[in-house]
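**Q** Sequence first, predicted coordinates after that:
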Amino acid sequence: MTALADIAPAFADMAHRIVWASVATVDAQGRPRSRVLHPYWSWDGSAFTGVIATSPLSPKRPDTDQTPFVSVNYWAPDHDTCTAECAVEWILDDEGRRQVWDTFLHAPEPVGYDPAIIPQWTSPTAPEFAGLRLTPYRLRVMPGTVMTQGKGELLTWTA
């Protein structure tokens, strides 16, 4: 089993290069629901977390209020893939929402962007803006060369 310290930087590098991820929740009837989102990942040397800028008015809110877990999957045309299975919690307080806003505002491209480009997000404290904190309990990183050439290293970590 891979150590978190070995997989977290590899995961963040791949995820931030790919940028967009399919994120799945489970609705009240137990059915999967997926959408494409734009997480940002941080590794501080001991903790690995992600954050998503989103709306608390979206279907993600009731889904994650009932089942506070998501699956986040990235795929690139060269078949690089990485997956994070995560516990989630909403960031709804003003200070936390400002931090989420600033994370994306100051993140390097291609992951960084100005959240104000979303018309409903007039400010970090707008009722339509919130964050989702992602705390992975399982990570998987697979370079496409593992599949296409039998080369490279498949990394998996479970809390």
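**A** Cool, got the structure. Numbering: from 1, shown residues only.

**Q** what ranges do the strands span in the protein?
**A** Under the criterion DSSP state E, the chain contains strands at 21-26, 32-37, 40-43, 48-54, 69-75, 81-91, 130-142, 155-158.

**Q** counting contacts, what elements does the fifth one pack onto?
**A** Packed against strand 69-75 by the contact rule (3 or more Cβ pairs under 8 Å, 6 or more residues apart in numbering; DSSP states H and E) you find helix 4-18, strand 21-26, strand 81-91, strand 130-142. Where C-beta positions appear, they are placed from N, C-alpha and C, glycine not excepted.

**Q** tell me the average confidence for that strand?
**A** Per-residue pLDDT values over strand 69-75 give a mean of 98.

**Q** And that strand, what's buried?
**A** Neighbour counts using 16 or more other Cβ atoms under 10 Å place Phe69, Val70, Ser71, Val72, Asn73, Tyr74 of strand 69-75 among the buried residues.

**Q** Leaving out sequence neighbours, find the closest residue to the most centrally placed residue in the chain.
**A** In the chain, the residue lying closest to the centroid (Cα atoms, centre = their mean) is Pro39, at 3.5 Å. The shortest distance from Pro39 to any non-neighbouring residue, by Cβ to Cβ, 6 or more residues apart in numbering, is to Gly50 (4.4 Å).

**Q** now the buried residues of strand 69-75 in TSV, with distance to Gly30?
**A** Output for these, formatted as TSV (distance: Cβ to Cβ, whole Å):
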residue	distance to Gly30
Phe69	13
Val70	15
Ser71	14
Val72	20
Asn73	20
Tyr74	25
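
**Q** which one of these sits closest to Leu57?
**A** Val70 (17.5 Å; Cβ to Cβ).

**Q** wait, the closest one sits on Cys86?
**A** Yes. Here Val70 reaches Cys86: they are 5.4 Å apart, a contact under Cβ atoms under 8 Å.
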